[in-house]
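Enquirer: No letters, just coordinates:
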């Protein structure tokens, strides 16, 4: 199921490798609240709920009353639509420092990261952090589009034949 773990929005040093002592006043800004999670289902339907990051699409759907606990009875099977949907996580963050960067500890499976409508990063592994450098100071619109791993695998299998 789709998940996004955004560690921080932080000031990058001149060398581009995290926080320098001079820039430490800008510090890290947690971007955990104010997220919207939108699922694009195979049948064309769209579901939407408030979410948090780090978090999972399934957690957001459960909090909104749109899905049940996957560990209860047959819910995992009955709500397989969550695993087959493509998901978007979006939020707006305010930065006070010029040249900030987004640091994602983990972005589930296959994803594209957009900042203010521009694609800035891609991920194909939740084990590799995603860093978006040179995020302009001001309000920043962050969107993470997560493709269903099942759809991605099927597409890759067709392409590789």
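Expert: Arrived safely, thanks for sending. Small disclaimer: the values here were computed from a predicted structure and weren't measured. Residues are numbered from 1 along each chain as shown.
Enquirer: which helices and strands does the longest helix along the chain pack with?
Expert: Residue-count comparison of every helix in the chain, with assignments taken from DSSP state H, identifies helix 149-160 as the longest. Using 3 or more Cβ pairs under 8 Å, 6 or more residues apart in numbering; DSSP states H and E, the elements in contact with helix 149-160 are helix 81-84. C-betas here are computed from N, CA, C, even on glycine.
Enquirer: Which strands and helices lie in contact with whatever helix or strand comes next after the helix it packs on?
Expert: Read in the C-terminal direction, the helix or strand following helix 81-84 is strand 86-95, with elements assigned using DSSP states H and E. Using 3+ Cβ pairs under 8 Å, 6+ apart as the contact definition, the elements that strand 86-95 packs against are strand 3-11, strand 28-29, strand 35-40, strand 138-147.
Enquirer: And the next helix or strand past strand 86-95?
Expert: Scanning the chain past strand 86-95 towards its C-terminal end, the next helix or strand to appear is strand 100-107 (assignment: DSSP H and E).
Enquirer: How many neighbouring residues does the closest residue in space to residue 147 that isn't next to it in sequence have?
Expert: Take residue 147 and drop its neighbours on the chain: the residue closest to it by Cβ to Cβ, 6 or more residues apart in numbering is residue 110, 4.4 Å away. Applying the criterion other Cβ atoms under 10 Å, we find 22 residues in the vicinity of residue 110.
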